[in-house]
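Visitor: The following comprises the amino acid sequence and a computationally predicted model.
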Amino acid sequence: MTSSEQGQIVQYLLSGDTTIYTVNASKAPLAIFLEKGDAITAEVQLLDNGTATVEEIEIEGLSE
């Protein structure tokens, strides 16, 4: 997790995938609790440089 002017940024990788996924915690506050092994459902915008911006994320077992 890192901080920026827009707030905390959470980055993660998926097993068997080289894409770096980025979530802005100000848009998805529960993302800061993401842990290895969590089951997620996400809507992402793939970028052309091996990265993706997560537009929406749901972490199984957590709800707002």
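Guide: Perfect, thanks for sending it.
Visitor: pLDDT score assigned to the most centrally placed residue in the chain?
Guide: Nearest to the mean C-alpha position of the chain, by CA atoms, centre = their mean, lies Val23 at 3.7 Å. pLDDT for Val23: 95.
Visitor: SS state for it?
Guide: Under DSSP: H, G, I helix; E, B strand; the rest coil, the three-state class of Val23 is strand.
Visitor: ok now do it, which residues does it touch?
Guide: Neighbour list for Val23: Ile9, Val10, Gln11, Tyr12, Ala31, Leu34, Val54, Ile57 [criterion: CB atoms under 8 Å, 6 or more residues apart in numbering]. Using the backbone N, CA and C atoms, a C-beta is placed for each residue, glycine as well.
Visitor: Tell me how far it lies from Leu34.
Guide: Val23 sits 8 Å away from Leu34, going by CB to CB, to the nearest Å.
Visitor: Name the strands paired with the strand ranked longest in the chain and say parallel or antiparallel.
Guide: Assignment by DSSP state E gives strand 51-59 as the longest strand of the chain. Applying DSSP bridges, strand 51-59 is found paired with strand 20-24 (parallel), strand 40-46 (antiparallel).
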